[in-house]
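J.: coords please:
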Amino acid sequence: MLRLHFTAEDLLRVSFATRPAPLMELGMAVAVLQRRSPPPALTRWQHRTRQAFPAAARPLLHLIPPSARGPMFLDPLSRGLEDGLETVLSTPGARVRAELDHRIPSVLPPSTWARRLADQDRQAWQELERALRSAYGGLLAEPWARVQAAFDAERAWRTRLLAEHGIRTALAGLGPGGHWDGTTLIYDSPDDIQVTLTGHGVILLPSTLWTGRPLLAVHDDTPSIIVYEAAAPLPLLTEPRSEPAHGPLAALLGRTRAAALELLTKERTTTDVARELDISKSSASEHTKALRDARLITTHRDGKAVWHTCTPLGLDLLTSRAESANEERRAS
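T.: Residues are numbered from 1 along each chain as shown. Below you'll find the model as predicted:
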């Protein structure tokens, strides 16, 4: 289990990032590329992107593992790529050395190049800047507008969820198995991890490429960051978003998950979802799992069949999106 111990000050200072963080999302992309068994929604993206991964970006593989638990100085919150790079390249040497000496050996074999970074070797840092620029250009530059659109939709939904259902529901819905025990937030995780927040607040940051339990960047003197899986993975956002069948909901969930959620206003099995949407049963299972983790549907087993149906939160989302679409049509 992952246990996050909140202080009263942290609960009072929960906020949402105002924009996606290019280098944070880039770190997630590099991590997912290395996974042996990515989720079905990311399998095709991983295969295609591996083939296009720039040679100049390969040094990043010595810093960012499949778990994405690389050095925190690599992925600051920033307005864009350039100011993010400026922040990385101006990281104090003592912090760089501390993170590379203590964080990297625990998740990756040490490399000569990483040691040169820790020693503030100028050429190594030039290679790092070139690697980050090359990786962003090859992985994220083209789809960045879709990342921004997904972020905006996610932020609008989570903000509304926070306003209408409260902080506990909003935070519990960020990861699989999310629930509270007093002021401790617990998520499902194969590792037993205890994190105590520092009283400086929490910033919520969705990622269109990360899957699994939320990731934590805990800071002693600034707000900590919770990176969590956005409702719509980046590959789903490559589907046409102009078709009228799902409207604004597709911007949040992606067209396939939006269609699945609409189907589940009536109880259906995983096989039913696969047949109705003309997708494989494994894909239908992945989509229903994502919707369940977001608390938009509930699932129960009856013999060999697995049944799914919308939760009140899922129905609320469908209703609000329909009302929004009607208002837009009336306005036009």
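J.: list the residues that contact residue 77.
T.: Taking Cβ atoms under 8 Å, 6 or more residues apart in numbering as the contact definition, residue 77 lies against 17, 21, 24, 203, 205, 225. No exception for glycine: its C-beta is placed from N, CA and C like everyone else's.
J.: and it, what are its phi and psi?
T.: Its backbone dihedrals place residue 77 at phi -70, psi 140, with angles given as degrees, to the nearest 10.
J.: residues contacting the residue nearest to residue 116 when sequence neighbours are not counted?
T.: Leaving out its chain neighbours, the residue that sits closest to residue 116 by Cβ to Cβ, 6 or more residues apart in numbering is residue 124, at 3.8 Å. For residue 124, the contacting residues are 113, 116, 117, taking Cβ under 8 Å, 6+ apart as the criterion.
J.: out of those, grab the one that's most surrounded.
T.: residue 117 (23 neighbours; other Cβ atoms under 10 Å).
J.: what helix or strand is the closest residue to it other than its chain neighbours on?
T.: Of all residues beyond its chain neighbours, the one nearest residue 117 is residue 124 (4.8 Å), with distances taken as Cβ to Cβ, 6+ apart. For residue 124, the host element (DSSP states H and E) is helix 122-139.
J.: which SS state does residue 204 fall under?
T.: With DSSP: H, G, I helix; E, B strand; the rest coil as the basis, residue 204 sits in strand.
J.: and it, bridged to which residues?
T.: According to DSSP bridges, the residues that bridge with residue 204 are residue 16, residue 226.
J.: that one touches residue 173, doesn't it?
T.: No - the pair residue 204 and residue 173 fails to qualify as a contact (Cβ atoms under 8 Å) at a distance of 10.9 Å.
J.: what about those two, which has more around it?
T.: Between residue 204 and residue 173, counted using other Cβ under 10 Å, residue 204 has the larger neighbour count: 21 against 18.
J.: the longest helix belonging to the chain versus helix 122-139: what angle between them?
T.: With residue count as the measure and DSSP state H as the assignment, the chain has helix 144-165 as its longest helix. When axes from the mean of the first three to the mean of the last three Cα atoms, to 10 degrees is applied, the directions of helix 144-165 and helix 122-139 differ by 80 degrees.
J.: quick one: the residue nearest to residue 117 from residue 73, how far?
T.: Using Cβ to Cβ, to the nearest Å, one obtains 14 Å as the distance from residue 124 to residue 73.
J.: run the chain-centre distance for the helix holding residue 124.
T.: Here the centre of helix 122-139 is set off from its chain's centre by 23 Å, with Cα atoms, centre = their mean, to the nearest Å.
J.: model confidence over that helix, on average?
T.: For helix 122-139, mean pLDDT is 95.
J.: buried sites along stretch 155-169?
T.: Residues 155, 156, 157, 158, 161, 162, 165 are the ones in stretch 155-169 that count as buried (16 or more other Cβ atoms under 10 Å).
J.: for those, which one is nearest residue 136?
T.: Nearest to residue 136 out of those is residue 155 (Cβ to Cβ; 21.8 Å).
J.: contact partners for the closest one?
T.: Shown here is residue 155, whose contacts under the criterion Cβ under 8 Å, 6+ apart are 16, 17, 206.
J.: from those, which would you call buried?
T.: For the contacts of residue 155, burial is judged from neighbour counts taken by 16+ other Cβ under 10 Å, and it is met by 16, 17, 206.
J.: what's near enough to touch the first one?
T.: Going by Cβ under 8 Å, 6+ apart, residue 16 touches 155, 158, 159, 203, 204.
J.: same check on the last one?
T.: Taking Cβ under 8 Å, 6+ apart as the criterion, residue 206 is in contact with 20, 150, 151, 154, 155, 158, 227, 228, 229, 230, 231.
J.: JSON lines for those, including pLDDT and distance to residue 91?
T.: As requested, these are exported to JSON lines (pLDDT from 0 to 100; distance: Cβ to Cβ, whole Å):
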{"residue": "20", "pLDDT": "92", "distance to residue 91": "21"}
{"residue": "150", "pLDDT": "82", "distance to residue 91": "29"}
{"residue": "151", "pLDDT": "87", "distance to residue 91": "25"}
{"residue": "154", "pLDDT": "85", "distance to residue 91": "29"}
{"residue": "155", "pLDDT": "87", "distance to residue 91": "28"}
{"residue": "158", "pLDDT": "85", "distance to residue 91": "30"}
{"residue": "227", "pLDDT": "94", "distance to residue 91": "19"}
{"residue": "228", "pLDDT": "93", "distance to residue 91": "25"}
{"residue": "229", "pLDDT": "88", "distance to residue 91": "27"}
{"residue": "230", "pLDDT": "86", "distance to residue 91": "27"}
{"residue": "231", "pLDDT": "78", "distance to residue 91": "32"}
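J.: name the element the closest residue to residue 277 other than its chain neighbours belongs to?
T.: The shortest distance from residue 277 to any non-neighbouring residue, by Cβ to Cβ, 6+ apart, is to residue 259 (5.7 Å). When secondary structure is defined by DSSP H and E, residue 259 falls within helix 255-263.
J.: need the CA coordinates for that helix. CSV is fine.
T.: The C-alpha coordinates for helix 255-263 follow below in CSV (Å, rounded to 0.1, in the frame of the first residue of the first chain):
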residue,chain,number,x,y,z
ARG,A,255,-13.8,8.6,-27.4
THR,A,256,-13.7,4.9,-26.5
ARG,A,257,-14.0,5.5,-22.7
ALA,A,258,-16.6,8.1,-23.2
ALA,A,259,-18.6,5.6,-25.2
ALA,A,260,-18.1,2.9,-22.6
LEU,A,261,-19.3,5.2,-19.8
GLU,A,262,-22.4,6.0,-21.8
LEU,A,263,-23.1,2.3,-22.4
